[in-house]
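Visitor: structure of the sequence below:
(chains A, B and C)
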Amino acid sequence: MESARRVDYLNVDYGVRSWLLTTDHKRIALLYLVSITIMFMIGGLSAVAIRLELLTPAGDLLQADNYNKLFTMHGVVMVFFFLIPSIPAVLGNFLLPLMIGARDVAFPRLNLLSWYVFVTGGLVTLFGMITGGADTGWTFYTPYSTAAATTKVIPVALGVFINGFSSILTGLNFIVTIHTLRAPGLRWFRLPLFVWTHYATSIIFILGTPVIAITLALVGLERGFHIGIFDPALGGDPVLFQHLFWFYSHPAVYIMILPSMGVISELVTCFARKKLYGYTVVAGASFAIAFLGFLVWGHHMFTSSQTILSGLIFSFLSMAVAIPSAVKVFNWTATLYRGSIAWSAPMLYALGFIGLFTIGGLTGIMLASTGLDVHVHDTYFIVAHFHYIMVGGAIMGYLGGLHYWWPKITGRMYPEPLARIAGLIVFLGFNLTFFPQFVLGYLGMPRRYHAYPEEFQVLNVFSTAGASVLGVGYLLPLLYFTWSLRYGERAPANPWGATGLEWQTSSPPPTENFAVTPVVTQDAYDYHEAAAPVSEVLVRG
Amino acid sequence: MAEAVHGAHAHHFDDAVQQREAATLGMWIFLVTEVMFFGGLFTAYVTYRALYPDAFAHASHHLDVVLGTFNTAVLITSSLTMALAVYAAQVGRRGRLVACLCLTALLGATFLVVKVFEYAEKFEHHLVPGPAFSWPETAEAPNVQLFYSLYFAMTGLHALHMVIGLGILTWLILGARRGRFGPAYATPVEVSGLYWHFVDIVWIFLFPLLYLIGRH
Amino acid sequence: MSTHVIAPRVYVGIFLALMVFTALTTWVAFIDLGPLNVVIMLVIAFLKASLVVLFFMHARYESQLTRVTIVAAVFWLFVLIVISASDVFMRARPEALPLGIGARSAVMGPG
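Guide: Residues are numbered from 1 along each chain as shown, chains lettered A, B, ... in the order given. Take a look at the predicted model:
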């Protein structure tokens, strides 16, 4: 049907200036989407190089120094420039005002600034990488990073430092937005879980990011100006660096997973057609994760020669932080139970998340036990553990969310059958890549080594094969999402029959989000048992 | 943000009150990040002072207590003038607002000038960390250099915040002279005041921790 | 939350208190009170900071949310400093460890 085109946020204005000078949170979300996708590809390419090298036991593809630079690049780009911003900056920016019935975030110009800061940080780090790269690992441990490394530590770290301010601005904006701009009737306990988890994430942004900022600044000052805070020759202590570094970098992993958990709550309720089991508990668990997440950083330092007393305390607290995460998994499962399940692409990602995050989380509890961790620290067991959480968890949530809200963001449907196939490919490829790494690590293969003993080759070959499959799985959405922009079926306002204010406005929304500010009278996830199952409402079955 | 003096507000806010609440909360949250930013340095300070109390005390003696106390007094006075500037904006006294803002900036600049003198003196006495550092008692020299690393990092970061504060004050003065701020729109002055007071609070801790160790 | 206006004389009063505290802290620094010197110095600094926060920064009249924000900042700063500093300190001074728990982890070998 070719009715007159409605004015929405995409077609209201054209031209580069209307995008680069926008203050519309929805356009800013898309600016982030493009830049984050580019960073993901850069991080992905370095992973390709790593996995190619690891096909054979000998260090024959790359010299050791260059291999070190590659895993550093992979870690820095993926952690700081992809995982940490991804869901908050793309989906959070786009959806938060919509979900609370607001016209924009509290500080739209700061929002745009946060994107420019992100891009600047990214360019500075990439400049460092192109002109030689750093080889310290994304963890920048002293004294190597401050005294011995002859590589481009300062520009790489400077880019990360700058990027931190982007996180801070985003977190600040979200907290103020959620407090001040909720629509009438939208009480705290009526908010979608996506909003709750982004609030908890924003608290971590605010409290944690400044600490890594000052820590990296001190590394730079020590390298450049002999301000030797961590220098043992002056009585400094490299373990102090580790404490300051992990004070942020542990909560950072909750920055990566909490928004994804918020997405899962939205997906599971919609595609099981049920309200969330234990809504209040799940909301509370988000904050419990944020709070406890700040008290466990020493579990990265069990072998660092921190005191055993500290090790004991951090070990205990690390077990405790698993509890609210487990509560969420139980509650999602209970939501699915006796629900009216639709096997849509977003739901496949959500189900994949629940399983893979559980594996990642359980191995995390194993690692919280000091005795076991001492054995597998700095092996591929650790690598597998955090990839299960970050890729099997966070990225699955990101992809599931992208699919779910794609109609809202672009006004187009993606091709559902192809999306389901891609989701399965991602799931299979992921497990083939990373499950062998649990075994490798347990058998003793160290991480960050480009050569390894012969007996580890078979598992490494499986892992590289899996990575190729995973790569295909990631490439497919890139292709069909792009395809859908031109050829995808036009989406109605609410293609999934979902609850939530974002579905009460058109797809795509107008610039001001709502023609009239909505008034909320119902709780979240007000799905009724009598409501039509999703398959009847889906555009494509 | 809307510039009118008559309670107008940006389009995404319902009213000027909501806008002011958002701005104030936003600044408080930003100050939380600043607390944690300086917090890393305070962590290092606490750690090393506990480990090397004598070296830190000897190092601290070389700092000029008179200048340090004077600077503390200067900053506290500047907080007073800043608070009075906020009052002037809230009651619509434009002349007073401009005067108080100018005084605050002047006091801030005074602080920085004193710091320049102090830093220059450190440079002359070879107390700047690096190859030129030199300290008579060789046994404690490394720890003394650690103290001075912290001294420069902490006061340097503080001074950087003062410079930014002066920039903000300049912007406020220019706006105040044009009559932008008044009872209906005092928020930028209030919110900048919060920043300025925070910078004062950091110095309230830095002064005794750096200048007053073991002075007896 | 209304725009609360504080009278200038209150500000001047707080200013005078701050100046007195400053003089006091400098004066006490030159008197030998042993470990009490540090305690007094920190108490005075906290008092001065509190006066600035409550009155100059209007926190006394602000919302519950603002107060929670301030408390949260102080709390987490405390967590960062206490845990990190105490661990690094006890690494170097194992005799300070409570309950005689060993400083070196087993993987580092004996002694």
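Visitor: contact residues of the stretch 401-541 of chain A facing chain B?
Guide: Contact residues (C-beta under 8 Å from any C-beta of the partner chain) of the stretch 401-541 of chain A with chain B: A:Glu512. All C-beta spots, glycine's among them, are computed from the backbone N, C-alpha and C.
Visitor: what residue ranges in the stretch 401-541 of chain A score low on pLDDT?
Guide: With pLDDT under 70 as the threshold, the stretch 401-541 of chain A has low-confidence stretches at A:529-541.
Visitor: tell me where it has strands.
Guide: With DSSP state E, counting those that start in this stretch as the definition, the stretch 401-541 of chain A shows no strands.
Visitor: now do the longest helix belonging to chain C: distance to the chain's middle.
Guide: The helix that spans the most residues within chain C, counting by DSSP state H, is helix C:64-92. How far helix C:64-92 lies from its chain's middle: 10 Å, per C-alpha atoms, centre = their mean, to the nearest Å.
Visitor: next one: stretch A:178-189
Guide: Using C-alpha atoms, centre = their mean, the offset of stretch A:178-189 from its chain centre is 26 Å.
Visitor: and chain C, is that stretch touching that?
Guide: Yes. Contact of stretch A:178-189 with chain C (C-beta under 8 Å from any C-beta) involves A:His179.
Visitor: list the buried residues for that stretch?
Guide: A:Ile178, A:His179, A:Thr180, A:Leu181, A:Arg182, A:Ala183, A:Leu186 (16 or more other C-beta atoms under 10 Å in any protein chain shown).
Visitor: and which of these is nearest to A:Phe357?
Guide: A:Ile178 (24.8 Å; C-beta to C-beta).
Visitor: in chain C, which residue is most central in space?
Guide: C:Phe46 (5.4 Å; C-alpha atoms, centre = their mean).
Visitor: helix or strand: which one has it?
Guide: Assessed by DSSP states H and E, C:Phe46 sits inside helix C:36-51.
Visitor: from A:Ile154, how far off is the residue nearest to C:Ala72 when sequence neighbours are not counted?
Guide: Among residues not flanking C:Ala72 along the chain, B:Val32 sits closest, at 6.9 Å (C-beta to C-beta, 6 or more residues apart in numbering or on different chains). As judged by C-beta to C-beta, to the nearest Å, B:Val32 and A:Ile154 stand 28 Å apart.
Visitor: looking at these two, which one has more neighbours?
Guide: Neighbours per residue (other C-beta atoms under 10 Å in any protein chain shown) separate B:Val32 from A:Ile154, with B:Val32 holding more: 23 against 20.
Visitor: okay, now the unreliable bits of the chain?
Guide: If you meant another chain, say so; for now it's chain A. A:1-4, A:529-541.
Visitor: the intended chain is chain B.
Guide: For chain B, applying pLDDT under 70 flags the ranges B:1-7.
Visitor: close to chain A: what parts of it are there?
Guide: B:10-13, B:18, B:21-22, B:25-26, B:29-30, B:32-41, B:43-44, B:47-48, B:51-52, B:55, B:129-131, B:133, B:142-143, B:145-146, B:149-150, B:152-153.
Visitor: among the residues you listed, which ones are buried?
Guide: In these, the ones that pass as buried (16+ other C-beta under 10 Å) are B:10, B:12-13, B:18, B:21-22, B:25-26, B:29-30, B:32-41, B:43-44, B:47-48, B:51-52, B:55, B:129, B:133, B:142-143, B:145-146, B:149-150, B:152-153.
Visitor: in helices, which of those residues fall?
Guide: B:18, B:21-22, B:25-26, B:29-30, B:32-41, B:43-44, B:47-48, B:51, B:55, B:142-143, B:145-146, B:149-150, B:152-153.
Visitor: ok and the residue in chain A nearest chain C?
Guide: Using C-beta to the nearest C-beta, the single residue of chain A nearest to chain C is A:His243, 3.9 Å away.
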